[in-house]
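[1] Sharing a model prediction with you, sequence too.
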Amino acid sequence: MNPSSDWLLPDWPAPANVRACVTSRAGGISPTPFDGLNLGDHVEDAPAAVAANRQRLVESLGCQPAWLKQVHSPDAVEADPATVPTADASWSATPGTACTVLTADCLPALFCDRAGTRVAAAHAGWRGLVGGVLENTVAAMGVEPGELLVWLGPAIGPDSFEVGPEVREAFLAQHAQAETAFRASRNAGKYMADIYALARIRLAAIGVTAVSGGGLDTFTDPRFFSYRRAARTGRFASLVWLVD
């Protein structure tokens with residue numbers, strides 16, 4: 001694995017045969033406003049540039065990304081580099097197959113089991129979180145929740161993520177403790193949401209408590225694409241895979 005210097009390698013207690021990486025904007029050939037390593041093929045970037053960027057990813061990491069057509073759903077599927085299913089999470093027990101999600105403010109969540117036999121990745125915006133994408137990912141992995149490790153990748157931070165009251169109410173209807181993840185915004189009737197805290201609350205509710213990561217803010221961190229910062233922008237990837 002030979003990632004660019006400012007790609008992130010998750011700091012989590014994963015087994016030695018689990019690899020994970022989060023790309024940044026650095027190292028690609030896409031022009032403005034997608035500069036440079038845009039990996040999203042649905043944002044009106046030149047297809048040839050996206051293909052070249054994705055090839056750079058494969059050459060750098062030595063795995064085969066399993067791409068998804070993400071639609072903010074709660075659906076989790078088995079990762080397969082030969083197909084592009086409509087889903088927002090994938091899992092794999094096959095070495096070399098990388099569960100991959102694309103984001104630009106939504107939360108990427110990476111999973112593995114303590115035994116190093118299964119991995120998964122989920123794309124969790126607020127709609128996916130409310131819909132149960134994290135819970136469905138855990139169920140699809142077929143591993144006891146207490147045996148799972150999770151790392152929360154770069155997402156919009158709690159000082160940048162303003163939402164309407166309907167978002168807060170949707171979370172509170174499912175978990176009363178979600179109230180702690182919201183605070184009143186300076187704008188009347190709005191709230192600031194902590195998507196990292198919301199993810200931890202939902203994972204804990206199903207018995208997943210070994211959760212690392214969080215603390216970044218894609219909106220203020222220029223290393224990452226951010227849809228709220230610039231609606232016409234690229235996507236970065238979060239990947240996790242097994243090696244022999």
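    Right, received. Where do you want to start?
[2] tell me which residues in stretch 29-45 are buried?
    Residues of stretch 29-45 classed as buried: 29, 30, 34, 35, 36, 37, 38, 39, 40, 41, 43, 45 (neighbour count, 16 or more other CB atoms under 10 Å). C-beta: built from backbone N, CA, C; applies to glycine.
[3] Also stretch 16-25?
    The neighbour-count check on stretch 16-25 (16+ other CB under 10 Å) flags 18, 19, 20, 21, 22, 23, 24, 25 as buried.
[4] One more: stretch 53-62?
    Buried positions in stretch 53-62, judged by neighbour count with 16+ other CB under 10 Å: 53, 54, 56, 57, 60, 61.
[5] So what touches it?
    1-4, 19, 21, 23, 27-30, 36-39, 64-65, 96, 98, 237, 239 (CB atoms under 8 Å, 6 or more residues apart in numbering).
[6] same thing but 6 Å
    Stretch 53-62 is contacted from outside by 1, 2, 3, 21, 28, 37, 39, using CB atoms under 6 Å, 6 or more residues apart in numbering.
[7] ok, the second one to residue 36 distance?
    The spacing between residue 2 and residue 36, counted by CB to CB, to the nearest Å, is 17 Å.
[8] which outside residues touch the strand or helix carrying residue 197?
    Residue 197 belongs to helix 195-205 when elements are defined using DSSP states H and E. Residues outside helix 195-205 that contact it (CB under 6 Å, 6+ apart): 107, 129, 134, 152, 155, 175, 177, 178, 181, 211, 214.
[9] where in the chain is pLDDT low?
    Residues of the chain meeting the criterion pLDDT under 70: 1.
[10] can you map out the helices along it?
    Ranges of helices in the chain, per DSSP state H, are 47-61, 126-131, 133-141, 165-172, 195-205.
[11] closest to residue 189 out of those helices?
    Closest to residue 189 of those, according to CB to CB: helix 165-172, at 6.3 Å.
[12] List the buried residues of the closest one.
    By neighbour count on 16+ other CB under 10 Å, the buried set for helix 165-172 is 167, 168, 170, 171.
[13] now the angle from that helix to helix 195-205?
    Relative orientation of helix 165-172 versus helix 195-205 (axes from the mean of the first three to the mean of the last three CA atoms, to 10 degrees): 20 degrees.
[14] okay, which residue is most central for this structure?
    By CA atoms, centre = their mean, the mean C-alpha position of the chain lies nearest to residue 108, the distance being 1.2 Å.
[15] how close does that residue sit to residue 31?
    Distance from residue 108 to residue 31, counting by CB to CB: 25 Å.
[16] Could you do residue 91 as well?
    Distance, residue 91 to residue 31, by CB to CB: 35 Å.
[17] For residue 85, see how far away residue 109 is.
    Distance, residue 109 to residue 85, by CB to CB: 18 Å.
[18] Could you check how far residue 28 is from residue 60?
    Counting by CB to CB, the gap from residue 28 to residue 60 is 11 Å.
[19] Hmm, I typed the wrong one, I wanted residue 134.
    Applying CB to CB to residue 134 and residue 60 gives a distance of 28 Å.
[20] what do you get for residue 233?
    Separation of residue 233 from residue 60 (CB to CB) stands at 22 Å.
[21] do the same with residue 14
    As judged by CB to CB, residue 14 and residue 60 stand 19 Å apart.
[22] What of residue 188?
    Applying CB to CB, the value for residue 188 to residue 60 is 47 Å.
[23] which ones are touching the closest residue to residue 153 other than its chain neighbours?
    Nearest residue to residue 153, sequence neighbours excluded (CB to CB, 6 or more residues apart in numbering): residue 108, at 3.9 Å. With contacts defined as CB under 6 Å, 6+ apart, residue 108 is in contact with 101, 153, 238.
[24] Perfect, I'm done here.
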